[in-house]
Structures are given as C-alpha cells and as structure tokens.
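Colleague: mind folding the following:
(chains A and B)
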Amino acid sequence: MSVVTRFAPSPTGFLHIGGARTALFNFLYARHHGGRYLLRIEDTDRQRSTAEAIDAILDGLAWLGLEGDAPPVYQSQNAARHAEVAERLLAEGAAYKCYLSAEELDAQRKAARAEGRPMRIVSPWRDRDPADAPEDAAPVLRIKMPQDGETRIQDEVQGEVTIGHQQLDDFVLLRGDGSPTYMLSVVVDDHDMGVTHVIRGDDHLTNAFRQHHLYKACGWEPPSFAHIPLIHGPDGAKLSKRHGALGVDAYREMGYLPEALKNYLLRLGWAHGDDEVISEAQAVEWFDLPGVGRSAARFDFKKLEHLNGHYLREAEDARLTEAVIERLSRDIPVDDAGRARVAAGMAGLKTRAHTLAQLAQDARFYLERPQFPLDNPKAEKLLQGGGAAVARGAGEALAELEDWTEEALEAQLRAFAETHGLGFGKVAQPLRAALTGSNASPGLFELMVILGKTEVLARLLETPEH
RNA sequence: GACCCCUUCGUCUAGUGGCCUAGGACAUCACCCUUUCACGGUGAAGACACGGGUUCGAGUCCCGUAGGGGUCGCCA
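Modeller: Numbers count the residues shown, from 1 in each chain, chains lettered A, B, ... in the order given. Below you'll find the predicted structure:
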C-alpha cells in the first residue's frame, strides 16, 4: 500500500515553527516512500477559524515549498459526511445520545479530581433508556469506549505505548447542535483521504487511543501513528511568542532563507549520523521515522543563523540582489545604477552576512552616502584623531589615478601609506569608514571599483573634519 | 491530581552491550589567515541526571528516584 501523509493545521493563527516542522516531516516521509503528501485545513471550529489564518498558513507553506500534492481539503465542508458516520454509529449501537448538563459534567470532573481518579466522564445515558430523555434538551452523541482492559499502540516514534481504559471516556462525536467534533472529523477525513501515516506533534499522543477505537467502531483499519516531540523555547519551556512561537512569516521577515529554516528544523529532533548540512534531495533520501528522537528540542537561533549564513553564501547572487533591493527600497530610493552596484557587490557582501536583513543593511552604502556623524561608533572613531584627514589625503592621491582597477588601487594606496609612514591598516580603516560608514565591509578595493572613481573621490574628499 | 512520554557537552545530536580514554555541529575561548568583518584552518574547554540491579562487560537492558514535558473540553 502506498504511503499517504497529511499536515492538518487548524486555522486559528499563523503557521508556527512547530507546525512547519510537522509539515516538513510529513512531506519528507511521503517523498521518501514515494507516496503522497496532503493538506487539510481543520476549520470545524467556525468561531475561531479565520480566512486570514488560512491565508497565512498557506502562504507559509508555499514559502517553505511544502504545498500539498493536491488542493487542501477543508474539513468544515465534510460536516455532513461526519454526521452521517456518527448517525451510523448510533444506529449500530456503538454510540449514544447523552443528556448530561454542563453542571453535571463539571461536578463529575471536580469529584474525580478530589478523589484522585482519572478525570473521566461517566454518562448514565450510555445504558439508560432513550425514552427517559428530557423533552427539550439537545443531546450530544458520545461513542461507547471499552471500559475494561487496555489499548496498546505501536507508535513509530514513541514505540509501544499502553493506556488503561479507565483513562478513556466516552468522548463526544456530535455536539448539541449536531456539528461534528474534531475527534470525529479527523478520523473520518483521514480515512476518506486514505491517510496511512499520521505524523503529528506528541500533544496528540493520547488522542491516538481515542481515535484508534473510533476507527475500530467504524470498521476501519487505524493508520500507523508517529508522534514527534514538541519544540521548546531556549529556556526549555513551551515555545512562547517571545522566543520562537512566531509565524514562519516572521522568520522570513528576519531574513532567513526557506532552505536554511528547513535544514534547521530537520535537524531538530532528527539526525542522520553526523550530517548537518543536508540538501533537500538528501533529506528525501535519508528521512525516516526511526531517525526521529523522542525528546523535546530547544530552539536555537544561533545555529539557525549559522546555517542561514551557509545557504546565503550558496545562493545565487541574482536572487539575493532581488531580496536585498526589495528590503532596501522600502525606505530608500533605488535606481538602476544603484541596483547594478548591489548586484556587482553581492559576491563580496553575501559571505559576510547571516541573514537577509543584515545583508540589506550591509549593502546600503552602495545606494547612499554615509551620513555624518556616523551611527556606528566604531566607524566614527576611525575618523577621529586624523582619520578623516587620511581619507581626504587618500582622495587627493587617488584623483590622479587613471587605471581604476583593484590592482592599481592597491598599489596606489599602499604607496600612499608608505610615504606617510603609516601601516596599511591605518589607511584602510579610515577609508572604509568614510566610504561605507562602517568599520566592517567587503574588501576595500573591490568596493571602490564598484562605487566608481567619481563617487569614491566625492565621498573621500567630502569627509568632514573630526 | 490521574495517566502517558522524555532525560549524552550551554544547545542540537551520534551512539542500538565490547569499535567510547563518548564522536560531530552551533555557541565559547586561543592561535593562524588578513585592509576590516565574515569565511576558512588549527587547537582548547565542555556531557552519559541520580541510585540500584542484569552481565565477564552498560551511555546502551531492567527497576526506582529526581527533574522536565504532554494530555485530561459540546478547542483543535
């Protein structure tokens, strides 16, 4: 039987980093086994689901290249089918109408907790004559779960997990208004979509037991389950808004490349020996469930950043130029000449940055002259104590230069340093500051060639006294 | 509270009873390269949570303790 996996987010917010990893694993597993990877939007909670969230999730997946092999299924559209299955269960005696009130439910839970028992609802309506039902109440439909014994599940990540049936209560299939609950919908949809492997966060582990019995009640074969550990924040606690539970769009905005984020997420909880930098093709070839770890992992921005730097260096200059111009043009005008400079300088720029945001910042000097006094205190300091004079002096020395090439520039500047009795660094750093407004930049001669003689002379000669 | 899961360097992890005086990566520190930064190179420091077993031999198997996480909705 061919593998079918699915990623099934509920559209109550953006696609967060844990969801992205779950999608990745489902995608990789399907690809590795030559199967299909599907998407399903779990929007059965009409109150909390929003169109914006759906767009955000789909956008996030598209950016990561994790779109499904078929258009997404919208769970809410299958409500009639879900109800039909529930009615069938009722007719077969595998489910019953329960008239317990909210107060009675609450009292049961309180009592269970007080007595140290599992918090399980026991409905008298399971065995009571439906004829006793109150007239005006809208009942929920509950499934009849086994009451004795235990259930064992062979989870592909967690291994063998067993739970006693005292833990499992008769959960609700259909609400008072006749709408299906999540528990019913997932099972019916997964079955209808032919899902063979359910790979999801391990916060769903206990649901697997409920769903297992629902499959059985329906007369269907349960899929195999794989519950992957959750991602924690840097402090080991649950991921919060503050440190990582951001939408993938936030990572995009911070300047991470999708391939870097995927590589990072892949290594979080999964390993293939000592391999760290893994291409998508290799990931497809190597990924499998036995390689997934069982413990939660903390999110580490430093490592993501390192990986991002790697992929930045590997990326095509044209792609990077495009991204940088897009960012820069948000607040400064970019003309064709400026764009050409950024493109020409990209090779020298990209080896130094770790995110697109940094890359854009580093490329800024190709588009606008430094504003004095400089924001960068280290650069400002380089121009003090004679630095500015060195820059102007070098500007004058360069005015004569005909051959505006890296070689000629270097020869001229080294000669300049020598005649002034200065180490080359004492000349290069003030020039760097005057030309780029920073103490760190691509190679001096390289950027001088790209900036062009006119611009270089202008910046050097106009360096104000410090 | 009940139940389930987890526990190797600061972090992500390799490790499936002897190959482990525990390997790699990020981060840290030092040095090298060098016009700066980044890259790269070399090296250093750094972990099997604890306690019992099983075994000729345990990071690897079993039990317990501690710590962490998850779940207990007419949410998903």
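
Colleague: which ones are touching residue A:334?
Modeller: A:325, A:328, A:367 (Cβ atoms under 8 Å, 6 or more residues apart in numbering). Yep, even glycine has a C-beta here, placed from its N, CA and C like the rest.

Colleague: actually residue A:9, not the one I wrote
Modeller: A:15, A:19, A:23, A:41-42, A:57.

Colleague: so can I have a markdown table of the contacts of residue A:334 showing pLDDT?
Modeller: Shown next, in a markdown table, are these (pLDDT from 0 to 100):
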| residue | pLDDT |
| --- | --- |
| A:325 | 97 |
| A:328 | 96 |
| A:367 | 96 |
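
Colleague: name the element the closest residue to residue A:303 other than its chain neighbours belongs to?
Modeller: Closest residue to residue A:303 apart from its sequence neighbours, by Cβ to Cβ, 6 or more residues apart in numbering: residue A:264 at 6.6 Å. For residue A:264, the host element (DSSP states H and E) is helix A:258-267.

Colleague: could you point out which element follows that helix?
Modeller: Next along from helix A:258-267, by DSSP H and E: helix A:280-286.

Colleague: quick one: contacts of that next one?
Modeller: A:28, A:31-32, A:65, A:259, A:262-263, A:266, A:272, A:275, A:278.

Colleague: please see if that helix touches RNA strand B.
Modeller: No - Helix A:280-286 does not reach RNA strand B (Cβ under 7 Å from any atom of the strand); its nearest approach is 11.6 Å.

Colleague: now do that helix: distance to the chain's middle.
Modeller: Centre-to-centre, helix A:280-286 and its host chain are 19 Å apart (Cα atoms, centre = their mean, to the nearest Å).

Colleague: buried ones in it?
Modeller: Buried residues in helix A:280-286, counted by 16 or more other Cβ atoms under 10 Å: A:283-284, A:286.

Colleague: likewise stretch A:128-139?
Modeller: Within stretch A:128-139, the residues that qualify as buried are residue A:139, counting by 16+ other Cβ under 10 Å.

Colleague: tell me the residue furthest from the middle of chain A?
Modeller: Distance from the C-alpha centroid of chain A peaks at residue A:419, with 55.7 Å (Cα atoms, centre = their mean).

Colleague: and that residue, how far from residue A:386?
Modeller: Distance of residue A:419 to residue A:386, computed by Cβ to Cβ, to the nearest Å: 15 Å.

Colleague: which bits of the stretch 201-350 of chain A sit near RNA strand B?
Modeller: A:202-207, A:229-230, A:232, A:236-238, A:267-271, A:273-274, A:276, A:290-291, A:293-298, A:300, A:302-303, A:305-306, A:309-310, A:313.

Colleague: emit the PyMOL select command for whichever of these are buried.
Modeller: This is how PyMOL selects the buried members of these, with burial counted by 16+ other Cβ under 10 Å:
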select buried, chain A and resi 202+205+207+229+230+232+267+268+269+270+296+297+305+309+310
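
Colleague: now, which of the residues of the stretch 201-350 of chain A next to RNA strand B lie within strands?
Modeller: Using DSSP state E, the subset of these located in strands is A:232, A:297-298.

Colleague: touching, residue A:108 and residue A:124? I think so.
Modeller: No - if you go by Cβ atoms under 8 Å, residue A:108 and residue A:124 don't touch, sitting 10.5 Å apart.

Colleague: when the two are compared, which one has more neighbours?
Modeller: The neighbour count for residue A:108 versus residue A:124, taken as other Cβ atoms under 10 Å, is higher for residue A:108 (18 against 11).

Colleague: quick check: closest non-adjacent residue to that one.
Modeller: residue A:121 (5.7 Å).

Colleague: please apply the same query to residue A:236.
Modeller: Nearest residue to residue A:236, sequence neighbours excluded (Cβ to Cβ, 6+ apart): residue A:298, at 6.1 Å.

Colleague: what's that neighbour in contact with, if anything?
Modeller: Counting by Cβ under 8 Å, 6+ apart, residue A:298 has contacts A:231-236.

Colleague: now the ones in strands among the residues of the stretch 201-350 of chain A next to RNA strand B as TSV including pLDDT?
Modeller: TSV is the format used below for those (pLDDT from 0 to 100):
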residue	pLDDT
A:232	87
A:297	92
A:298	91
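
Colleague: next one, pLDDT for whatever residue of the stretch 201-350 of chain A ends up closest to RNA strand B please.
Modeller: Nearest to RNA strand B, among the residues of the stretch 201-350 of chain A, is residue A:295, at 2.7 Å (Cβ to the nearest atom of the strand). According to the prediction, residue A:295 has pLDDT 91.

Colleague: just to check, it is in contact with residue A:229?
Modeller: Yes - contact criterion Cβ under 8 Å: residue A:295 and residue A:229 qualify, at 5.8 Å.

Colleague: list the contacts of the helix or strand of chain A with the lowest mean pLDDT.
Modeller: Lowest on mean pLDDT, DSSP states H and E among the helices and strands of chain A sits helix A:102-114, with a mean of 87. Contacts of helix A:102-114 with the rest of the structure, by Cβ under 8 Å, 6+ apart, involve A:118-122.
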